[in-house]
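# The following comprises the amino acid sequence and a computationally predicted model.
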Amino acid sequence: MLRSVLKSMAEGLARQEGIDMPSQRMKKLLDELKIEMERGSYRKNVKIDTLIRKLKKEGLPEREQQVMRMYIVPEFGKLTLAQAIERSRAYIDKVAAEKVKSTGKKELRVFARLIQLGDPSYKLPKVKFKNPGNKFHAGQILEVDEILAVISNHVYPPYRLPCKVALYTGMRRGNILDLKKKDVDLKRREVRFTLNKIPKPMVVPISNKLAQVFAQVPWPIEDEGLLFPGLSKQALTIGVSRAFTRAGYPWFSFHKLRHTAACFLLANGIALETVSALLGHSSIKVTMEFYARVRPEALRKAVGVFDV
């Protein structure tokens, strides 16, 4: 990896000088650049956006590209490598304080890979996340009426129906945005979709409330047509989070709609095994990890009762 970066640098310098670089001179320049990098002199000048472009060319999964766009580019995109490393400790501490462990670790892995492209000796310091991400309590959700009020008054109109689908089904963001006309059977009152973790198709019953939501969808003509075309996961996530922040609930996110649906079911006596199946969890242990320690009385008080 280091040699490919150095070669790219050498070729760039050659183009700037307008010369045809013979292989012998190229080797010499590569050696000189390697020495400079080891001494840290080149680190002062290389731009983070240059490293980002290089990393994308080498191959970066879509999920990691999303992390790069949403978090790393706004923070470091205009800096040099030296400046980024200088500020990295404060950035890492911020991620550890604000992000759950699983999300924060993914973000920091992408950051470290980027920095190591310019400085192979860079290593992430040990990080202790304040929110391990495996605890859930009733205070993290809102009552259904409160959620619906925020959706109606603060959420951008194109995002409102996907939010209500999440609230009434517990479906994940990606599964909702991937829904097509053929996936929704209003006669049988079923929604069918597939999960990466579970090869068997998921079937979610359509309640009266959910039927009312689907009645507002401008249905596509073709069976393969998306119910919510033109919406991206990133835009939906950011838009909903900002809406709830404006409403005074900065900790509430699109994914909390899924939690609310699960808590409602548990609060009304639905068996944990059934809730696990409806949520599409790979194991009932996953469901128990998040919800089993929450007392039904607390859940009932938190979410109220759906008027189905």
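In hand now; what should we look at?
# For residue 102, give its distance to residue 130.
For residue 102, the distance to residue 130 equals 14 Å [C-beta to C-beta, to the nearest Å]. C-beta here means a position set from N, CA and C on the backbone, and glycine is covered the same way.
# and residue 264, helix, strand or coil?
Classification of residue 264 by DSSP: H, G, I helix; E, B strand; the rest coil places it in helix.
# just residue 147 next, same as before
Classified using three-state DSSP, residue 147 is helix.
# Give me the neighbour count for it.
25 (other C-beta atoms under 10 Å).
# now the stretch 51-200 of the chain, which segments are flagged as low pLDDT?
Residue ranges of the stretch 51-200 of the chain with pLDDT under 70: 131-141, 196-200.
# Mind doing that once more with 90?
Along the stretch 51-200 of the chain, the model assigns pLDDT under 90 to residues 51-75, 77-78, 82, 94-107, 116-145, 169-172, 174-175, 191-200.
# Strands along that one, start to end?
Ranges of strands within the stretch 51-200 of the chain are 184-185, 190-193, based on DSSP state E, counting those that start in this stretch.
# for the stretch 201-308 of the chain, same thing?
Using DSSP E, counting those that start in this stretch, strands in the stretch 201-308 of the chain cover 202-205.
# wait, which of the strands of the stretch 51-200 of the chain is closest to residue 62?
strand 190-193 (19.5 Å; C-beta to C-beta).
# residues making contact with that closest one?
The contact list for strand 190-193 (C-beta atoms under 8 Å, 6 or more residues apart in numbering) reads 169, 171, 175, 178-179, 183-185, 201-206, 210.
# Show me how the record splits this structure into domains.
Residue ranges for the domains of the chain, per automatic domain parsing: 2-118, 138-303.
# mind putting these in TSV, distance to residue 126 included?
Output for those, formatted as TSV (distance: least, C-beta to C-beta, whole Å):
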stretch	distance to residue 126
domain 2-118	10
domain 138-303	24
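# Of the strands of the stretch 51-200 of the chain, which is nearest residue 215?
strand 184-185 (11.2 Å).
# tell me what the closest one is packed against?
Identification of packing neighbours for strand 184-185 by 3 or more C-beta pairs under 8 Å, 6 or more residues apart in numbering; DSSP states H and E yields strand 190-193.
# Each with direction, which strands does the strand it packs on pair with?
Sheet pairing of strand 190-193 (DSSP bridges) gives strand 184-185 (antiparallel), strand 202-205 (antiparallel).
# how many neighbours does the closest residue in space to residue 45 that isn't next to it in sequence have?
Leaving aside its sequence neighbours, residue 45 sits nearest to residue 80 (C-beta to C-beta, 6 or more residues apart in numbering; 6.2 Å). Using other C-beta under 10 Å, residue 80 has 18 neighbouring residues.
# And for residue 148?
16.
# Offset the numbering so it begins at 29, please.
Will do, 29 is the new start, and the previous item becomes residue 176.
# With residue 241 as the reference, measure out to it.
On the measure of C-beta to C-beta, residue 176 and residue 241 end up 11 Å apart.
# what sits in contact with each of those two?
In contact with both residue 176 and residue 241: residue 192, using C-beta under 8 Å, 6+ apart.
# circling back: between the strands paired with strand 218-221, which one is nearest to residue 121?
Evaluated over the strands paired with strand 218-221, closeness to residue 121 peaks at strand 230-233, with 39.3 Å, by C-beta to C-beta.
# Please compute how far that closest one lies from its chain's middle.
Here the centre of strand 230-233 is set off from its chain's centre by 24 Å, with C-alpha atoms, centre = their mean, to the nearest Å.
# Show me which positions of it end up buried.
Buried positions in strand 230-233, judged by neighbour count with 16 or more other C-beta atoms under 10 Å: 230, 232.
# what does it contact?
Against strand 230-233 from outside (C-beta under 8 Å, 6+ apart): 197, 199, 203, 217, 218, 219, 220, 221, 222, 223, 306, 308.
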